[in-house]
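> sequence and predicted model, in that order:
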There are 2 protein chains.
Amino acid sequence: MTLAFVTGNPGKADEARSILGDVERVELDYTEVQSDSLEEIARRGVEECYEELEKPCFVDDSGLFVNCFSGFPGPYSSYVYSTLGNEGLLQLMEDEEERDAEFRCVVAYHTGDRVETYVGVAEGRITREPRGEGGFGYDPVFRHSSGETFAEMTSEQKNEVSHRRKAFEQLAEAVG
Amino acid sequence: MTLAFVTGNPGKADEARSILGDVERVELDYTEVQSDSLEEIARRGVEECYEELEKPCFVDDSGLFVNCFSGFPGPYSSYVYSTLGNEGLLQLMEDEEERDAEFRCVVAYHTGDRVETYVGVAEGRITREPRGEGGFGYDPVFRHSSGETFAEMTSEQKNEVSHRRKAFEQLAEAVG
C-alpha cells in the first residue's frame, strides 16, 4: 500500500521512503492547532487531511523540549527559533545547570478508521555554545546522547539516530 | 441586540458589558490555530463559534509583543508565561537596551454575514525587574507609556488604558 505523507518538505518524504518504502508526498495546507501536546496537533492535523484526501495518510510534527523550562519551546519550536534563535535559548539557559532536552517527533497516521500516533525521541543536552555547521534550527545547540551535536553529524549520522526516524520506524512496523 | 461573547473568563465578560452594554457570556471550547497573527487566530476562532451558535458572536485574543524579538512571545504569550515566566523574559532581555513592547488585543466579531476584527494596543516597555502586586501574567514587567506597570495600577486604572478596552470600544462603535 502506498501511504500518503502530507508534508511541504521533500527531504522528509525521502527520509520516510527510506524507511517505509513507497510513500506519496502530498502538499496540503492543514491546520496546526495550539496545544502543549504534539500528539494532539498531529492528530487533529491528520483528521483534517483525511477529510480532504479520503485515503490513509500521515503527518508529522516535531519539537525541542527542554526539561528545565517544562518543555519550552516544545510545540512552538519553530516560532521560537524564528524569533529568539539559538542565541535566545542559550541566553535563557546562561545560569542553568540542568540542560537535559529532547527532540520529539510525533507521526499521526489515519488508517481510514482511526488515528494512531507514534512518538520518536532523541535525548540529549543543550550545549553552552553552538557547535557544528550541519543541520538546521536547534541542531548546533543540541548535543545528542551519543556525544555530538546534530550539527556536527553528517545528515546520514543524524538520520540514523533522529527522533523522526524512530517515529517512522514505528509506523513502518504498524503498517507491516 | 445582545451580543454573545465566547470566553471562559467572567471578568472579561464584565469588562465587555461595561463598554458594550448587554453581553451574554457563552462558554464554548473553540480551536485556537497556530499563527503569527492574532487576527487570524481570532478570526478562525469566531468562525468556528458562529458555526456552532448560529448567531452573532465575538471572541478576543491577546498577546504581549516585544519589539527586539520580532514580537515574541506574541500569540504564544500564555504558553511562554507558563513555561518561562517573567523571570525568563527578563533573563532574555538582560543585555537589551531596546525594550519597547506592546500588549495587543484582537476582537473578532461574526456579524452573521462576515467577520470583522478590531485591534486595541497598549504601548509600553519591559522593565528591568518586576514592579507591583496587581494584575496577572506579564503585568509586573510591562510599564505602560503612562509610567506605571500594569501591576502597579488598580484594575480600574488598567482597564482605563488597556488594549482590550480599546478593542471593545471599536466593537461598540461598530455595532452602534
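In hand now; what should we look at?
> would you indicate which residues of stretch A:17-29 are buried?
A:17, A:19, A:20, A:23, A:25, A:26 (16 or more other C-beta atoms under 10 Å in any protein chain shown). All C-beta spots, glycine's among them, are computed from the backbone N, C-alpha and C.
> distance check, residue A:96 against residue A:146.
The gap separating residue A:96 from residue A:146 is 22 Å, by C-beta to C-beta, to the nearest Å.
> next to chain B, which bits of chain A? Give me the list.
Residues of chain A lying near chain B by C-beta under 8 Å from any C-beta of the partner chain: A:31-34, A:36, A:41, A:44, A:69-72, A:74-76, A:79-80, A:82-84, A:88, A:91-92, A:94.
> going through these, which ones are buried?
A:32-34, A:36, A:41, A:44, A:69, A:71-72, A:74-76, A:79-80, A:83-84, A:88, A:91-92.
> so which of the residues you listed are in helices?
A:41, A:44, A:79, A:80, A:83, A:88, A:91, A:92 (DSSP state H).
> need phi/psi at the residue nearest to the fifth one when sequence neighbours are not counted.
Ranked by C-beta to C-beta, 6 or more residues apart in numbering or on different chains and with sequence neighbours excluded, the top spatial neighbour of residue A:83 is residue B:72, at 3.7 Å. The phi and psi torsions at residue B:72 (degrees, to the nearest 10) take the values phi -50, psi 140.
> do I have it right that residue B:72 meets residue A:81?
No. Here residue B:72 does not reach residue A:81: they are 10.4 Å apart, not a contact under C-beta atoms under 8 Å.
> so where do the strands sit in chain A?
All strands of chain A, identified by DSSP state E, fall at A:3-6, A:23-26, A:57-66, A:73-74, A:100-110, A:115-126, A:142-144.
> outside of the first one, which residues touch it?
Translated: strand A:3-6. Residues from elsewhere that reach strand A:3-6 (C-beta atoms under 8 Å, 6 or more residues apart in numbering or on different chains): A:12-13, A:16, A:20, A:22-28, A:30, A:45-46, A:49, A:53, A:55-59, A:109, A:175.
> picking up where we left off before, I'd like the ones in helices among the buried ones among the residues of chain A next to chain B as CSV, with pLDDT and distance to residue A:64 appended.
CSV is the format used below for these (pLDDT from 0 to 100; distance: C-beta to C-beta, whole Å):
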residue, pLDDT, distance to residue A:64
A:41, 98, 15
A:44, 98, 21
A:79, 97, 12
A:80, 98, 9
A:83, 98, 14
A:88, 98, 13
A:91, 98, 16
A:92, 97, 12
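> which one among those residues gets closest to chain B?
Chain B lies nearest to residue A:83 out of those, by C-beta to the nearest C-beta, at 3.7 Å.
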